[in-house]
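Asks: Quick one, fold the following:
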Amino acid sequence: MIVEGDKVILRPISAEDTENIIRWRNKEAVRNHFIYRETLTREEHEKWLEEKVRKGTVCQFIIEAKETGAGVGSVYLRDLDYGNRKCEFGIFIGEDSFRGKGLGTESARLATGFAFEHLNMNKVYLRVLAENERAYKSYLRAGFRKDGTAREDVLIDGRFHDVIFMSIIRREV
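Replies: Got it, this is the predicted structure:
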């Protein structure tokens, strides 16, 4: 299913997107904001597509900028828990020139709307490193609320980092 907004189109990911996903995900500017920072390999991505996306535990989209029609990043809903009607949200804008233009915020709104309307989720949650203020503010603009902070929750590059937990509930939209 394709989801369209004012600035972006979200289209389902395909195997043809592998090169872009690997290139985007391995950029230092993207990787440094992730909790899991290892370099993504082709084999890992293909395994993700086969074991997660095709089997339905992850719903992943490519973010296309309407102004150019080009792919600029990805948004996904993972750990789809239909019993408790919740899932985890993730996003990255891989093309440097498209960061800071509101595409991520709109993509987050569209993805959460998709989760509520098409996947029948009640809650979409996320984790963000506390020092990633730009993402935190974008998530607030997209309608997420702060649930709390897990202090020194993850060890990255020999240093503990706080993780902020956020969520959006269907009835709040």
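Asks: Looking at I63 now. What's its pLDDT?
Replies: Confidence at I63, expressed as pLDDT, is 98.
Asks: who's it bridged to?
Replies: When bridges are called by DSSP bridges, I63 pairs up with L10, G73.
Asks: didn't it look like it was pressed against V8?
Replies: Yes. Judged on CB atoms under 8 Å, I63 makes contact with V8 at a distance of 5.3 Å. (Glycine included, C-beta is placed from N, CA and C.)
Asks: Need the mean per-residue confidence for whatever helix or strand R78 lives in.
Replies: Per DSSP states H and E, R78 falls inside strand 71-81. Strand 71-81 carries an average pLDDT of 96.
Asks: Overlap of the contact sets of I63 and V8?
Replies: 72, 103, 107 (CB atoms under 8 Å, 6 or more residues apart in numbering).
Asks: Could you export those as JSON lines, including neighbour count and distance to L155?
Replies: Formatted as JSON lines, those follow (neighbours: other CB atoms under 10 Å; distance: CB to CB, whole Å):
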{"residue": "V72", "neighbour count": "24", "distance to L155": "31"}
{"residue": "L103", "neighbour count": "25", "distance to L155": "31"}
{"residue": "S107", "neighbour count": "28", "distance to L155": "29"}
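Asks: hmm, which helix or strand of this protein has the shakiest average pLDDT?
Replies: Lowest mean confidence among the helices and strands of the chain (mean pLDDT, DSSP states H and E): helix 28-31, at a mean of 86.
Asks: Can you name the residues in contact with that one?
Replies: In contact with helix 28-31 (CB under 8 Å, 6+ apart) are residues 24-25, 37, 39, 92-94, 96, 99.
Asks: change it to 6 Å
Replies: 24, 37, 92, 94 (CB atoms under 6 Å, 6 or more residues apart in numbering).
Asks: Check which residues of it are buried.
Replies: 30-31 (16 or more other CB atoms under 10 Å).
Asks: Also stretch 109-128?
Replies: 109-116, 121, 123-128.
Asks: elements contacting the helix ranked longest in the chain?
Replies: Of all segments of type helix in the chain, defined using DSSP state H, the longest is helix 103-117. Contacts defined by 3 or more CB pairs under 6 Å, 6 or more residues apart in numbering; DSSP states H and E place helix 103-117 against strand 8-12, strand 71-81, helix 133-141.
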